[in-house]
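Novice: Test case, fold it:
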Amino acid sequence: MFTRALLRTPGPDFADGITTAGLGKPDHALMLAQHAAYAKTLLGLGLAIEILPPLPGFPDAYFVEDLAVVVPEVAVITRPGALARRGEAPHIEAALSKHRPLAHITEPGTLDGGDILIVDRTVFIGLSDRTNAEGARQLAEILGAHGYASRTVPVAEGLHLKSSVTHVGGNDLLVSTAFACRPEFEGFTCHVIDEDETYACNTLLVNGTLITPKGFPKTLARLTALGRPIVELDMSEGRKMDGGLTCMSLRF
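Specialist: Numbering: from 1, shown residues only. Next comes the predicted model:
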């Protein structure tokens, strides 16, 4: 069970962040409203919420999940793969140091939290444009000391692993067609999402409830069949910036 979530308010420059979505310029006021609805949802699921202020000069800083990997034993401060985001990491340390001992991914390793999917004691580490083999090795070593087993997963499609694979409870994974039948997910049931709804693969499980992006009816039907509570949230503005539900908070 999660008891806390750490978020950061999107700054007025958030539309200057890194994106390949090609969905047009996002609206700041609407982004703030969607971010507030997201925070309210987490609060309603029993999490204590800490919302950090905008970080001037770092338009992507509200995607806080990329900056750390948090487990009950330790918080691992990452070294983001995008050079423009490296300066964000020190600003998350003070908030996390109140709750966990800290460890760090160091050069030449790179690692984004969006590439890390933890299911019980298994850690899936996506090898992507943002997370390299050395970053994966360092994380596996740090978490291995606390009894976690890591599996690396090549990410040939999508920004991060969790753009295409998320845990939706039990042994159930929500996956895009590109990740169907992958050997790394042996032992799990993979629910494959239609290609025109791939964005909905980024669904967030919080304390037994699934938070899923609004506007993807086929995915919603698949999730409903799992029998777990569901909350739909409008993610239109975050999507324009290559962002999803998992990346806007650190849950622990």
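
Novice: So what touches stretch 185-193?
Specialist: With contact meaning Cβ atoms under 8 Å, 6 or more residues apart in numbering, stretch 185-193 is reached by 119, 124, 165, 168, 170-177, 179-182, 200-201, 218-219, 222, 226. Quick note: C-beta positions are derived from backbone N, CA and C, even for glycine.

Novice: Just the mean pLDDT for it, thanks.
Specialist: For stretch 185-193, the mean pLDDT works out to 96.

Novice: what's the straight distance from one end of it to the other?
Specialist: In stretch 185-193, first residue to last residue: 16 Å (Cα to Cα, to the nearest Å).

Novice: Name the residues of that stretch that are buried.
Specialist: By neighbour count on 16 or more other Cβ atoms under 10 Å, the buried set for stretch 185-193 is 185, 188, 190, 191, 192, 193.

Novice: ditto for stretch 84-101
Specialist: Buried residues in stretch 84-101, defined by neighbour count with 16+ other Cβ under 10 Å: 85, 88, 89, 91, 92, 95, 96, 100.

Novice: ok, now stretch 177-187?
Specialist: Across stretch 177-187, burial judged by 16+ other Cβ under 10 Å covers 178, 179, 182, 185.

Novice: Quickly name whichever of these is closest to residue 23.
Specialist: Residue 23 lies nearest to residue 178 out of the buried residues of stretch 177-187, by Cβ to Cβ, at 20.3 Å.

Novice: on that earlier part again, now, the buried residues of stretch 185-193 that are in strands?
Specialist: 190, 191, 192 (DSSP state E).

Novice: tell me which of those is nearest to residue 29?
Specialist: Once Cβ to Cβ is applied, the member of these that ends up nearest residue 29 is residue 191, at 35.1 Å.

Novice: That closest one bridge partners, please.
Specialist: residue 174 (DSSP bridges).

Novice: How about residue 77?
Specialist: Residues in beta-bridge contact with residue 77 (DSSP bridges): residue 68, residue 104.

Novice: What does the pLDDT read for residue 154?
Specialist: With respect to pLDDT, residue 154 scores 97.

Novice: From residue 134, how far out is the residue nearest to it when sequence neighbours are not counted?
Specialist: The shortest distance from residue 154 to any non-neighbouring residue, by Cβ to Cβ, 6 or more residues apart in numbering, is to residue 127 (5.2 Å). Separation of residue 127 from residue 134 (Cβ to Cβ, to the nearest Å): 10 Å.
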